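> Predicted model, plus sequence, below.
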Amino acid sequence: MCHQIDTVHWFTGLEHPRSVVANGGVYFWKDGRQNWDTMTAVFDYGPAKDVSNGFQVVFTSRMHNSAGGLSEKYYSNGGELDLMANTVSPKGGMTTSEGAAMGLPQNLLPAGNLAIDNLATIGSAGMGGDALTTAHMGNWMTCVRNRTTPNAPVQAGYSHSIASIMTNAAARTGQKVTFDHLKQEVLAGGKVFHL
């Protein structure tokens, strides 16, 4: 989940969710595990001081049925971003007639493919993994050499760690979880969360 939430932060510029709730359990793998095999987390994002402006992100994971395969899709009122197919489309975007009912203009993303640049040219970072991992490591090594900021800076890791800890707190307590930005604390039901 942390990589998908990282994508949300990357695209929106938001550092962490305003709140998280989660539900699930160990429904299938009755082998002594404590971490859920099935879960859904709902994230509330938006400006901290303007709760009338924002959006939800829903993350669902199930480890007992492969129907539907893997999916990583992002929807907005402009359309769909499908990161498994590396495509952008106007699918589900706001048409003229839908927008007219709300006094809003049409909003449809142009269809297209997402290019993955320079995957073949990064031979020095070859780790025997997939092309995206190789590109990620190549970017990091280039930045180490050039003292520049990588595509995934340390703040990105910190931000998706906050979201992951908030999700863990929501799952373990059953409470709505928030983050105190000033104190850098995860709060479950208004109290500091400790594992």
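Everything's here; your move. Only a predicted model underlies this, so the values are computations on that prediction, with no experimental measurement involved.

> Quick one: mean pLDDT for the helix ranked longest in the chain?
In the chain, taking DSSP state H as the definition, the longest helix is helix 154-173. Here helix 154-173 scores 94 as its mean pLDDT.

> what helices or strands is it leaning on?
In terms of contacts (3 or more Cβ pairs under 8 Å, 6 or more residues apart in numbering; DSSP states H and E), helix 154-173 is packed against helix 2-12, strand 19-25, strand 38-45, strand 177-180, strand 185-188. Every C-beta, even on glycine, is put in place using the N, C-alpha and C of the backbone.

> Quick one: closest of these to residue 140.
Among the helices and strands packed on helix 154-173, the nearest to residue 140 by Cβ to Cβ is helix 2-12 (14.9 Å).

> distance between that closest one and the chain's centre?
Using Cα atoms, centre = their mean, to the nearest Å, the mean C-alpha position of helix 2-12 is found 4 Å from that of the whole chain.

> just the CA coordinates of that helix, formatted as CSV?
This file holds the C-alpha atoms of helix 2-12, laid out as CSV (Å, rounded to 0.1, in the frame of the first residue of the first chain):
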residue,chain,number,x,y,z
CYS,A,2,2.8,2.5,0.7
HIS,A,3,3.8,2.7,-3.0
GLN,A,4,0.2,3.5,-4.0
ILE,A,5,-0.2,6.1,-1.3
ASP,A,6,3.2,7.5,-2.4
THR,A,7,1.6,8.0,-5.8
VAL,A,8,-1.3,9.9,-4.3
HIS,A,9,1.2,12.2,-2.5
TRP,A,10,3.3,12.6,-5.6
PHE,A,11,0.3,13.6,-7.8
THR,A,12,-1.5,15.8,-5.3
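
> Identify all contacting residues around it.
Helix 2-12 is contacted by residues 14-17, 43, 45, 57, 59, 72, 74, 83, 152, 156, 159-161, 163-164 when judged by Cβ atoms under 8 Å, 6 or more residues apart in numbering.

> Relative to residue 11, how far out is the most centrally placed residue in the chain?
Geometric centre of the chain, nearest residue: residue 5, 1.8 Å, by Cα atoms, centre = their mean. With the distance defined as Cβ to Cβ, to the nearest Å, residue 5 ends up 11 Å from residue 11.
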